[in-house]
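Undergrad: return a 3D structure for these sequence lines:
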Amino acid sequence: MANQNQNQDRFSEFRHRQVSTNGISMHVAELGDLSAPPVLLLHGFPELWLSWRHQMTALAANGYRAIAPDLRGYGDTDVPDDPSAYTVFHIIGDLIGLLDQLELSRVFVVGHDWGAYMAWRLCLFRPDRVRALVNIGIAYSPWSPSVKPTDNFFKLLGDGFYICQFQEPGRAEASFARYEVPTVLKKFFSLKLDNLSAPPGMEIIDHLEEAPSPLEWISEDELQYFSEKIQKNGFTGPLNYYRNLDKNWELMAPWQGAKIEVPTKFILVTKDVGYRTCGMEMTVKGGRMKEVVPNLDVVSIEGYHFIQQEKAEEVTSEILSYFSSQI
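TA: Just a heads-up that it's a prediction; the model follows:
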């Protein structure tokens, strides 16, 4: 109980609320003046609103209203049981409903990892609701009719690739359960691999190494907060995002050839998972992404996957400079 109270005190600067949207209750953390230009921050796997703590503080201090939800399946937001309730349409529906409930017609958006994946689609589906976008780490690739995403992953990277292992319901959950939740999180937070694949016969969580010493960018009480919220509902909700990759591919067919016209800054993370293995470097530097995101600026930051926490000041500076140029 003492630790719980310490966590509440540590994060007491943030305002918290539950918002009804798209049939679920969504937890939202906020910071900044309610009348200030709003910035919607979308987290990835396996994270929470707290991933944006540094950016929220800086945004509020610079005259913005920072809004960071726990996405569907995470933290204090509802966790639907049905695996099919985690498609791109569900998540974007949640976000549009959130903006409507907060009476926000247009927002700036920042996304990372799965949050970046969803931010691209938010801009594609509803560009009228987005003033400008800063996306981190996950490049936008146009829809291709040739092959399903998971077929491609299995063909190129095999069963040991983390996304392939995440496809089978219950498989990753069972392997994660052999460890305490803080250990699972530290294994992911310690990522320094470009190719996130386990050797034959090994589960990805067993292959990942936990940093031998505490990570510089996350405190013990922050790690405890992440762990308590993940422990509450488990990993199935977050893993269901991966299990809908092929369904999303089917749903996205009507947008074949569509471009994202929203002004965008993309932060390329040079030591991130998939930078070379999944073709991120070629997609961005080879000009393919510029063809489908014409209003695009690209910057590179040297660092690893959880860059908005690892190099918070550098990432925040890029966000602030871009949004100030779009006002």
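Undergrad: give me the helices and strands touching the helix or strand hosting Ile67, please.
TA: When elements are assigned from DSSP states H and E, Ile67 belongs to strand 65-69. On a contact count with 3 or more CB pairs under 8 Å, 6 or more residues apart in numbering; DSSP states H and E, strand 65-69 meets strand 24-31, strand 38-42, helix 53-61, helix 88-101. (C-beta placed from N, C-alpha, C; glycine too.)
Undergrad: quick one, strands of the chain?
TA: With DSSP state E applied, the chain shows strands at 15-21, 24-31, 38-42, 65-69, 107-112, 130-136, 264-269, 296-301, listed in chain order.
Undergrad: just checking, Leu71 touches Ile91?
TA: Yes: with contact defined as CB atoms under 8 Å, Leu71 counts as touching Ile91 (6.5 Å).
Undergrad: need the overlap of contacts for the two.
TA: Met118 (CB atoms under 8 Å, 6 or more residues apart in numbering).
Undergrad: which non-adjacent residue is nearest Ser300?
TA: Nearest non-adjacent residue to Ser300, counting by CB to CB, 6 or more residues apart in numbering: Leu268, 4.6 Å away.
Undergrad: and that neighbour, how far from Lys247?
TA: From Leu268 across to Lys247, the span is 28 Å (CB to CB, to the nearest Å).
Undergrad: with neighbour numbers in mind, choose between these two.
TA: Higher neighbour count among Leu268 and Lys247: Leu268, with 21 against 16, using other CB atoms under 10 Å.
Undergrad: quick one: Phe323 and Ser197, what's the gap?
TA: On the measure of CB to CB, Phe323 and Ser197 end up 37 Å apart.
Undergrad: give me the low-pLDDT residue ranges for the chain?
TA: 1-10, 194, 277-279 (pLDDT under 70).
Undergrad: geometric centre of it: which residue is closest?
TA: In the chain, the residue lying closest to the centroid (CA atoms, centre = their mean) is Gly44, at 2.2 Å.
Undergrad: for that residue, give me its contacts.
TA: 51, 111-116.
Undergrad: need those residues in a markdown table (columns: neighbour count).
TA: Below are the contacts of Gly44 laid out as a markdown table (neighbours: other CB atoms under 10 Å):
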| residue | neighbour count |
| --- | --- |
| Ser51 | 24 |
| Gly111 | 25 |
| His112 | 30 |
| Asp113 | 23 |
| Trp114 | 21 |
| Gly115 | 30 |
| Ala116 | 25 |
